[in-house]
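Undergrad: Got a predicted structure plus its sequence, pasted below:
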Amino acid sequence: MKISKFLASLFLQTSIIILLVVSPIQVAPANSKLFREYIGAEGKDVTFSEVPIDSKLDQFHFILSFAIDYTTSTSPPSPTNGNFSAFWDTQNLTPSRVSAIKSQKPNVKVALSLAGDTVNGEKVFFSPKSISSWVGNAILSITRLVNEYHLDGIDIDYEHFHADPNTFAECIGQLLIILKRQKVVSFASIAPYDDGTVQAHYLALWRKYGHVIDYVNFQFYAYDKGTTISQFIGHFETQRSNYKGCKLLVSFGTDESGGLKPENGFFQACARLKQQGKLDGIFIWSADDSKKDNFRFEKQSQSFLVS
């Protein structure tokens, strides 16, 4: 009887040890050393080589702003049903300079962003004639731009819509699936902000095609000026809940936009998120606006991420 109790006790202890060894250890989610920067939208002659790039970052993404499916030869420009052209500063942000910065800085990748807010002072609308025709045109024109400029990824930044959320979700979702399947791009992001119409379209896209979207570049600078640290954290948690399972990047603008600015506590808010393992990266709008201050906040953001 004593031997049986001893064996039983030994078996129990051994089982506990085995369980501890094979059971996964619960760890806090990892923060990311990813920095992203929109560039080229405002024609201020900014170049890739001017922007500071910390070699300790996991990745640095330049996002060319913007490729737009509007005409380039009519005034005002009009929609072309998915035939995208380069509307960024093509004089300074050339294919050869894309190749050069990627060669010089191994952690750099370059993406293009679709649409943006306006073109020549007019709102850019998502205006497909049909899902199939828009997707077909978009695949051909975006593939041409990606190949010409040696690009790696794509960002979706439509902000005005002449189509319902489901049509937007199908057009963008099918586009991303095909571009990734054909290895035209290796990553994709979306850039929504807290507006009812905008969120309706992007959440429809996320619910059905979130699995092909790598990052959510949420425009936290579209919130009111004077946003506090606690409000910023609240906004972050709200959007993290909206886009469940996403890699949600925090952001600020170096222009006159709103949100939480660095001088008002942006990096204190980031420190809180970092402590909780929730910091998936930082992006800035935009290099064009940052040039006047010698990219002060780009340097600070990257230093924070790698510290």
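TA: Cool, the structure landed.
Undergrad: how about low-confidence regions in this structure?
TA: Counting by pLDDT under 70, the chain contains low-confidence ranges at 1-29.
Undergrad: Name the residue closest to the centre of it, please.
TA: When C-alpha atoms, centre = their mean is applied to the chain, the residue found nearest the centroid is Asn217 (3.6 Å).
Undergrad: quick one: the helices in this protein?
TA: 2-22, 95-104, 131-149, 165-181, 196-209, 229-242, 266-275, 287-290, 296-306 (DSSP state H).
Undergrad: Just want the angle from the fifth one to helix 229-242.
TA: It stands for helix 196-209. With axes from the mean of the first three to the mean of the last three C-alpha atoms, to 10 degrees defining the directions, helix 196-209 sits at 40 degrees from helix 229-242.
Undergrad: With the fourth one instead?
TA: With the same axes, to 10 degrees as the criterion, the two stretches helix 165-181 and helix 229-242 enclose an angle of 80 degrees.
Undergrad: hey, C-alpha coordinates of helix 165-181 in CSV?
TA: Extracted in CSV, the C-alpha atoms of helix 165-181 (Å, rounded to 0.1, in the frame of the first residue of the first chain):
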residue,chain,number,x,y,z
PRO,A,165,-19.3,49.6,-48.4
ASN,A,166,-19.8,46.1,-49.8
THR,A,167,-18.6,47.3,-53.3
PHE,A,168,-15.6,48.9,-51.7
ALA,A,169,-14.8,45.8,-49.7
GLU,A,170,-15.1,43.5,-52.8
CYS,A,171,-13.0,45.8,-55.1
ILE,A,172,-10.2,46.4,-52.6
GLY,A,173,-10.3,42.9,-51.1
GLN,A,174,-10.1,41.2,-54.5
LEU,A,175,-7.4,43.6,-55.6
LEU,A,176,-5.2,42.8,-52.5
ILE,A,177,-5.7,39.0,-52.8
ILE,A,178,-4.6,39.0,-56.5
LEU,A,179,-1.7,41.3,-56.0
LYS,A,180,-0.4,39.2,-53.1
ARG,A,181,-1.1,35.9,-54.9
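Undergrad: picking up where we left off before, and of the helices of the chain, who's closest to Gln59?
TA: Nearest of these to Gln59, taken as C-beta to C-beta: helix 296-306 at 10.4 Å. In short, each C-beta sits where N, CA and C put it, glycine included.
Undergrad: buried residues in that closest one?
TA: For helix 296-306, burial by neighbour count (16 or more other C-beta atoms under 10 Å) applies to Phe297, Glu298, Ser301, Gln302, Phe304, Leu305.
Undergrad: Any figure for the gap between the second one and Lys292?
TA: Separation of Glu298 from Lys292 (C-beta to C-beta, to the nearest Å): 12 Å.
Undergrad: where do the contact lists of those two overlap?
TA: Counting by C-beta atoms under 8 Å, 6 or more residues apart in numbering, Glu298 and Lys292 have no contacts in common.
Undergrad: Could you look over the helices of the chain and pick the most buried one?
TA: Highest mean neighbour count of those: helix 287-290, a mean of 23 (counted as mean count of other C-beta atoms under 10 Å).
Undergrad: Name the surrounding residues that touch it.
TA: 37-44, 46, 50-51, 62, 253-255, 284, 295-298.
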